[in-house]
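Trainee: Got a predicted model here, sequence first, then my questions.
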Amino acid sequence: MAEEAKWYVVHTYSGYENNVKQNIEKVVKNRKLEDLICEVKIPMELYTEEKDNKSEEKERKLFPSYVLVKMIVTNDSWYIVRNTRGVTGFVGPASKPVPLTEKEVAALGIETGETRTAQTKISFAVGDRVDVVSGMFEGYSGEIKSIDEENAQVEITVSYLGRQTDITLSAADVKAVE
């Protein structure tokens, strides 16, 4: 086919994302429709969960209740996806599929298959006083010297062994002094 497959967003019932993905893939395989429906993805992101002073990397759905489908829209492909159990419709006006733009696809990292990392929201500014709440310097207090939002890190100055020392920590390891 001359037409190129594009990514579309499908809305599902809450918690049905994995079932919808599996069911679409099963129908595509059984009916040999790989040329129409190329790929089905559930965008995920990595996040760090703090529990009992331990950090654990976990994965969660970036867009709960949504599944991405790379397909060429024909009556057959539309019907298969739209009538999959758990699907409520395509995202678009009147449930008419609207493809994601190349910019949106790139921002989601869909084509590269990468899993996004959740951004830690940094709610302090340079000069603020913070307490270190975990890690090797737990219990120390200091002043924020610089903030690296891209890597979610802060550089703070603490009094360590009787002198001022700059240390770089994850933003999740410090909290603002109230």
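Mentor: On my side now, so go ahead. Numbers count the residues shown, from 1 in each chain.
Trainee: pLDDT on stretch 170-178, on average?
Mentor: Taken as a whole, stretch 170-178 has a mean pLDDT of 81.
Trainee: And the contacts of that stretch?
Mentor: 48, 50, 55, 120, 122-124, 128-135, 137, 141, 147, 152-154, 156 (Cβ atoms under 8 Å, 6 or more residues apart in numbering). Bear in mind the C-beta positions are built from the backbone N, C-alpha and C, glycine included.
Trainee: cutoff 7 Å now
Mentor: With Cβ atoms under 7 Å, 6 or more residues apart in numbering as the contact definition, stretch 170-178 has outside contacts at 48, 50, 120, 122, 124, 128-135, 141, 152-154, 156.
Trainee: chain center to that stretch, what's the gap?
Mentor: 23 Å (Cα atoms, centre = their mean, to the nearest Å).
Trainee: check contacts around residue 33.
Mentor: Residues near residue 33 by Cβ under 7 Å, 6+ apart: residue 77.
Trainee: try it again with 10 Å
Mentor: Contacts here follow Cβ atoms under 10 Å, 6 or more residues apart in numbering; on that basis residue 33 touches 24, 27, 71-72, 74, 76-77, 80.
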